[in-house]
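Engineer: this one's sequence-less:
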């Protein structure tokens, strides 16, 4: 009888211990802080673009450079898959490889240095007239280069009373001109694209007779930077998809400051 009484007490004690452990486990589980993803290793613009992509898409694949892979994988939800392949990535951006079907790709301004013709220009504008025909110019100069966006004026004959004509100067458009580093020649380039952080404006450059030209575009990021890209650089996947206005591309999944995700 004594043995039976001890076993029963032990059994009750064991049941009580189990109940306490279950209660403690449930309390810890319910009050455990959610797991956070470390994003210290990536720029905030990359983080926001990835978060937007994951919020808007399910069961899709995104190709990223190796330096963003760990964070991108940690942020991935809803069946989205992250792929890291630097060889394919660089070949798509600057070579002849095509973005695989149903893939998305993350690109950012960090890759701009790989463009061979990219030339940074000064960003210290003054307003002045360069000639009778080039007026109200926004001009930026340094010791080795300069560029300007000007209103272009042309003289035309305007009829007045009794068959008399007078000469009148009218604004016929805009021109973008650049003196490239260590060159004294002034070239006209295709135009200027300006960004103010939210919207972009394309200002095409009209052709002025006898002015040498370069087949490229000037990019102005308001209060930040100005640089020139040649036509060959703009023809690369990266040049086109990174720098041309979002509204003209129709395949930009996310666009945050210096980062884009392209489908």
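Structural biologist: On my side now, so go ahead. Given the structure is predicted, the values throughout are model-derived calculations rather than measurements.
Engineer: and whichever strand or helix holds residue 150, which strands flank it?
Structural biologist: The secondary structure element spanning residue 150 is strand 146-159 (assigned by DSSP states H and E). With DSSP bridges as the criterion, the sheet partners recorded for strand 146-159 are strand 134-141 (antiparallel), strand 165-179 (antiparallel).
Engineer: Report the buried residues of the first one.
Structural biologist: So that's strand 134-141. Within strand 134-141, the residues that qualify as buried by neighbour count (16 or more other C-beta atoms under 10 Å) are 134-135, 137-140. No exception for glycine: its C-beta is placed from N, CA and C like everyone else's.
Engineer: What's the mean pLDDT across it?
Structural biologist: Averaging pLDDT along strand 134-141 yields 94.
Engineer: How about residues contacting that strand?
Structural biologist: Contact partners of strand 134-141, identified using C-beta atoms under 8 Å, 6 or more residues apart in numbering, comprise 121-130, 146-153, 175, 177, 226.
Engineer: beta partners of the closest residue to residue 179 other than its chain neighbours?
Structural biologist: Among residues not flanking residue 179 along the chain, residue 146 sits closest, at 4.6 Å (C-beta to C-beta, 6 or more residues apart in numbering). As for beta bridges, residue 146 partners with residue 141, residue 179 under DSSP bridges.
Engineer: Which among the contacts of strand 134-141 count as buried?
Structural biologist: Buried members of these, counted by 16+ other C-beta under 10 Å: 121-122, 125, 146-153, 175, 177, 226.
Engineer: and of those, the nearest to residue 108?
Structural biologist: Top of the list for closeness to residue 108, among the buried ones among the contacts of strand 134-141 and by C-beta to C-beta, is residue 226 at 18.9 Å.
Engineer: any chance you could map the helices in the stretch 51-200 of the chain?
Structural biologist: Counting by DSSP state H, counting those that start in this stretch, one finds helices in the stretch 51-200 of the chain at the ranges 66-75, 86-94.
Engineer: just for the stretch 1-150 of the chain, where's the confidence low?
Structural biologist: In the prediction, the stretch 1-150 of the chain carries residues with pLDDT under 70 at positions 1-40.
Engineer: all strands for it, in order.
Structural biologist: Read by DSSP state E, counting those that start in this stretch, the stretch 1-150 of the chain holds these strands, from start to end of the chain: 61-64, 81-84, 103-108, 119-121, 126-128, 134-141, 146-159.
Engineer: Looking at these, spot the one closest to residue 241.
Structural biologist: Ranking the strands of the stretch 1-150 of the chain by proximity to residue 241 (C-beta to C-beta) places strand 103-108 first, at 6.3 Å.
Engineer: mind listing what that closest one pairs with, with the direction of each?
Structural biologist: Here strand 103-108 has these sheet partners by DSSP bridges: strand 61-64 (parallel), strand 259-262 (antiparallel).
Engineer: Ranking the ones you listed by mean neighbour count, which comes first?
Structural biologist: By mean neighbour count, with neighbours taken as mean count of other C-beta atoms under 10 Å, strand 259-262 ranks first of these at a mean of 24.
Engineer: hmm, who's touching it?
Structural biologist: Judged by C-beta under 8 Å, 6+ apart, the contacts made with strand 259-262 from elsewhere in the structure are 43, 45-46, 48-50, 52-53, 62, 99, 104-109, 241-242, 246, 249, 251-255.
Engineer: This completes my enquiry, with thanks.
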